[in-house]
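A.B. asks: What follows is a predicted protein model with its sequence.
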Amino acid sequence: MDILETVFKLQKELATLTSARYPQAKEGRISALATAIIHEAVEVQRLTNWKWWKKPTKFDEVQAREEVIDLWHFVIQMSIELGMTPKEILVEYLRKNQINKERQEKGY
């Protein structure tokens, strides 16, 4: 089992613990996960000194890493909800990565 397959397995196990509170409809689950991803990203942003008008504080990289893992939980769960396997994620990532490279080369 590769690393991403292990992460998927662990996420599926975790999801069973929250299934009673999870939206029943697929669209509702996707919406809830998108909202969670946005909010976790904001939590990372709040650790940075993006407010130029405030006195800067030390960046808490340990906390940022924890928030990034929270993001991963929700991204992996959304991938599972969309029926994506680790192999399909790699295929789609490679496809989109190539598109993004081509866009940059063409001045996107």
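C.D. replies: Okay, I see it.

A.B. asks: per-residue pLDDT, the residue most central in space within the chain?
C.D. replies: Centroid-nearest residue in the chain, with C-alpha atoms, centre = their mean: Val75, separated by 3.4 Å. On pLDDT, Val75 comes in at 98.

A.B. asks: For it, give its distance to Asn100.
C.D. replies: Val75 is 18 Å from Asn100, where distance means C-beta to C-beta, to the nearest Å. All C-beta spots, glycine's among them, are computed from the backbone N, C-alpha and C.

A.B. asks: Equivalent analysis for Thr48, please.
C.D. replies: From Thr48 across to Asn100, the span is 24 Å (C-beta to C-beta).

A.B. asks: and what of Lys87?
C.D. replies: From Lys87 across to Asn100, the span is 20 Å (C-beta to C-beta).

A.B. asks: returning to what we had before: so who does the residue nearest to the centre of the chain touch?
C.D. replies: Ile37 (C-beta atoms under 8 Å, 6 or more residues apart in numbering).
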